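Engineer: The following block contains a protein sequence and its predicted model.
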Amino acid sequence: VMVAAVRAMFAIPGHFSFGILMGYYYSLVVFYPHSKRHTTNMVMLWCGPVLLHGLYDTLLFSMSKVNVISSLVIFCTFIYFCIKMWKYVAKRIDEHLKRDMAQGSEQDRLRAIETFRRLVQKDSKRYEADYISILDSTAQYFSDQEQVEKADSLYLELVDIYKSKGDTLSMAHYLSKRAYIKPFADALPILNEVFDIYNNNGMHREIVLTLEGIGICHMDLEQYPKARHFFIRAINLFQSSGVFTQDDTGSILASLYFYMGEAFCQDRLYDEAVEYYQMAEKDLNPDLFSPTNRVMLYRSCTQCHSFLDQYQACYDASLQGLALCTDPEYSDMRADMLNALSDACIFLGKYDEAEQYAQECIGIDADAYKYALCNLASSYLFRGMFDQAEPIYIKNGEELSENFLEDINRYEAFGIITDALRPDVE
């Protein structure tokens, strides 16, 4: 009985610790063979348990040669050492597991989630925070990979976790993430639920951002008056709450002005749209405002000025937008800017520039090709170079041939072409 008691107190925790250390370094040697610490890990694999066992033997032998109090101190020190080593190694294993998951394949991530799910069932207090972190990062991974159903199921699990804990703000956070990966029609009821939670908690910043999201959903559903309703609510709350910073003005408020302009533009209320675009341009902070939205701002502003026959303003806005479209990601927007510039140049009598911008656009974007050809032909037309203008229309098909006569009528109505310049084309 005495032997059993002694082995229970010393041999079991001792060999438990040796096994942890050996298993930890063995896993590093096997799974990270190309690590810079591979040699160190190999040495620790063999020498670590031997040294620890030697320390263990030394402590046990010394206990027989000292008094009871000293033996008790040695025993407590030994147990404390075992516990600390177990916690240290367990923590490092958790770190490696999360790192592997972050760098691993989809299956690696799903296996890690299942592993932590089982651990949470055994010890919720210890593992729940890591489990939530893994769910969050994996859901974001699936979202980035556009695997919406898998991301949605993980976000829904996070919502349920916080709902069971009564943490409504964290629940709203993950409801928002669910909303932003769903189709706009499905996102609306989720965002309305999020709005109610933030509104009940007086979270002004989150309320404004949620109202913006609801407005964007209505925009996509072509419900432009409703979209404007939510954007203006967000703008009014932003301006009246007094909790927003100057940086917020340069990002959040500027974004709201931009979307408000978009909602007016889509409803063909171009004067109002230009007003809000100009407000967005005035307030935006280039370091904080979305680069894509900034390019879209100038493109939309250009379109509105064109519809309003404000060709100098169209020219200026197009130049500003063109300067931002240097990244290949914005090639389609660059083509739009070049077409707008060449169009504006024609109306401003800058025919050489019109030819230059049209020529550049032709080589960029297939969707803008025909419009650029029309502008190129027009640039020839207004310099009396009819022999160069006519073949462009005729060679490129019936659609462009029709555009040729339409363009002539359009320019004549605007007063920049007369019968004397009109070419003899059937």
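Structural biologist: That came through, no problem.
Engineer: Could you look up the next helix or strand downstream of whichever helix or strand residue 153 is part of?
Structural biologist: In this assignment (DSSP states H and E), residue 153 forms part of helix 148-165. Per DSSP H and E, the first helix or strand lying C-terminal to helix 148-165 is helix 168-179.
Engineer: just to revisit the earlier point, report all helices and strands that the helix holding residue 153 contacts.
Structural biologist: Counting contacts by 3 or more CB pairs under 8 Å, 6 or more residues apart in numbering; DSSP states H and E, helix 148-165 packs against helix 124-144, helix 168-179. Glycine gets a C-beta too; all of them are placed from N, C-alpha and C.
Engineer: Outside of the first one itself, list whatever touches it.
Structural biologist: Put plainly, it is helix 124-144. Applying CB atoms under 8 Å, 6 or more residues apart in numbering, the set of residues contacting helix 124-144 from outside is 94, 98, 101-102, 106, 109-110, 112-113, 116-117, 119-120, 148, 150-151, 154-155, 157-158, 161, 177, 181.
Engineer: Now it: buried residues?
Structural biologist: For helix 124-144, the neighbour count (16 or more other CB atoms under 10 Å) marks 127, 130, 131, 132, 134, 135, 136, 138, 139, 141, 142, 143 as buried.
Engineer: and it, how far from the chain's centre?
Structural biologist: Relative to its chain's centre, helix 124-144 lies at 18 Å (CA atoms, centre = their mean, to the nearest Å).
Engineer: angle of that helix against helix 148-165?
Structural biologist: Angle between the axes of helix 124-144 and helix 148-165 is 150 degrees (criterion: axes from the mean of the first three to the mean of the last three CA atoms, to 10 degrees).
Engineer: What average pLDDT does helix 124-144 get?
Structural biologist: Averaged across helix 124-144, the pLDDT comes to 87.
Engineer: picking that back up, output the helices and strands packed on helix 148-165 in CSV, with distance to residue 53 appended to each entry.
Structural biologist: Shown next, in CSV, are those (distance: least, CB to CB, whole Å):
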stretch, distance to residue 53
helix 124-144, 28
helix 168-179, 47
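Engineer: Quick one: closest of the ones you listed to residue 353.
Structural biologist: helix 124-144 (41.7 Å; CB to CB).
Engineer: so who does the nearest residue to residue 203 once chain neighbours are set aside touch?
Structural biologist: Of all residues not flanking residue 203 in the chain, residue 169 sits nearest, at 7.3 Å (CB to CB, 6 or more residues apart in numbering). Contacts for residue 169 (CB under 8 Å, 6+ apart) come out as 197, 198, 201, 203.
Engineer: now residue 339
Structural biologist: Contacts for residue 339 (CB under 8 Å, 6+ apart) come out as 357, 358, 361, 368, 371, 372, 375.
Engineer: For the stretch 201-350 of the chain, which segments are assigned as helices?
Structural biologist: Counting by DSSP state H, counting those that start in this stretch, the stretch 201-350 of the chain has helices at residues 204-220, 224-241, 246-248, 254-266, 270-283, 291-307, 311-324, 331-347.
Engineer: returning to what we had before: what pLDDT does the model give the residue nearest to residue 203?
Structural biologist: Residue 169 carries a pLDDT value of 93.
Engineer: Give me the distance between it and residue 140.
Structural biologist: 19 Å (CB to CB, to the nearest Å).
Engineer: now stretch 148-162: how far from the chain's centre is it?
Structural biologist: 18 Å.
Engineer: Let me know how buried the residue nearest to residue 234 when sequence neighbours are not counted is, in neighbour terms.
Structural biologist: Using CB to CB, 6+ apart and skipping residues adjacent in sequence, the residue nearest residue 234 is residue 211, 3.8 Å away. A total of 25 residues lie near residue 211 under the criterion other CB atoms under 10 Å.
Engineer: same question, residue 391
Structural biologist: Number of residues near residue 391 (other CB under 10 Å) recorded here: 12.
Engineer: how deep is the closest residue to residue 177 other than its chain neighbours tucked in, by neighbour count?
Structural biologist: Using CB to CB, 6+ apart and skipping the chain neighbours, the partner closest in space to residue 177 is residue 155 (5.2 Å). Residue 155 is flanked by 26 other residues according to other CB under 10 Å.
Engineer: How about the contacts made by residue 155?
Structural biologist: Residue 155 sits in contact with 139, 174, 175, 177, 178, 181, where contact means CB under 8 Å, 6+ apart.
Engineer: ok, it to residue 240 distance?
Structural biologist: Distance, residue 155 to residue 240, using CB to CB: 32 Å.
Engineer: And for residue 258?
Structural biologist: Separation of residue 258 from residue 240 (CB to CB): 20 Å.
Engineer: Quick check: which ranges of the stretch 301-426 of the chain have low pLDDT?
Structural biologist: 365-370, 381, 386, 390, 393-426 (pLDDT under 70).
Engineer: if we can go back for a sec, just the buried residues of the contacts of residue 169.
Structural biologist: Buried residues within these, counting neighbours by 16+ other CB under 10 Å: 197, 198, 203.
Engineer: surely the second one meets residue 206?
Structural biologist: I take that to be residue 198. Yes. Counting by CB atoms under 8 Å, residue 198 sits close enough to residue 206 to count as a contact (4.3 Å).
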